[in-house]
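**Student:** All I have is the shape, not the residue letters:
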């Protein structure tokens, strides 16, 4: 949220709104603006609607959609996403559809943490999944997550049409 430079009247897409808690913070910074919240989960959209609806009313539009195939009628000034993109396997397709949802000069700010922070845990889990008694349960299993590094992410963003690309990892010692 701190990185967002807002006028206060923008139309912003919250890509993966979850319960709507962060969306509420965004809406507070948009006193004359509005937000389109998108989530693939009907349950998350219901929770977000219950949380946001009474407080923000018609300044919030709720859309159930897969971000990989997202199509919205009105172009947005910006897109915000927090802890969502790792659930999407095809980031190239994701960024193309997000770019198409933006007005010219629009922005994307996304928090995609997890990869570097989880590498030790996922490595240990991989070792355990290859051992008895777990190996038979994980034969043919593939991860449901995509934790792309900053270089790969930058390539996908530029290929989608984004120009001012500044991906960065928050690395911890």
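**Tutor:** Perfect, I can see it now. Since this is a predicted model, take the numbers as computed values, not measurements.

**Student:** Name the helix or strand of the chain that has the lowest mean pLDDT.
**Tutor:** helix 115-129 (a mean of 84; mean pLDDT, DSSP states H and E).

**Student:** I'd like to know which elements that helix is packed against.
**Tutor:** The contact analysis (3 or more C-beta pairs under 8 Å, 6 or more residues apart in numbering; DSSP states H and E) places helix 115-129 against helix 135-138. Using the backbone N, CA and C atoms, a C-beta is placed for each residue, glycine as well.

**Student:** what about the least confident helix or strand of the chain, distance to the chain center?
**Tutor:** Mean C-alpha position of helix 115-129 versus that of the full chain (C-alpha atoms, centre = their mean, to the nearest Å) differs by 22 Å.

**Student:** partners of the longest strand along the chain in the sheet?
**Tutor:** Secondary structure of the chain read by DSSP state E shows that its longest strand is strand 102-111. Neighbouring strands of strand 102-111 in its sheet, by DSSP bridges, are strand 76-82 (parallel).

**Student:** Tell me which residues are up against the partner strand.
**Tutor:** 4, 10-16, 18, 22, 26, 36, 98, 101-103, 106-112 (C-beta atoms under 8 Å, 6 or more residues apart in numbering).

**Student:** before we move on, what about stretch 22-41?
**Tutor:** Contact with stretch 22-41 is made by 1, 4, 6-18, 20, 45, 48, 51-52, 55-56, 58-67, 70, 72, 74, 76, 80, 82, as judged by C-beta under 8 Å, 6+ apart.
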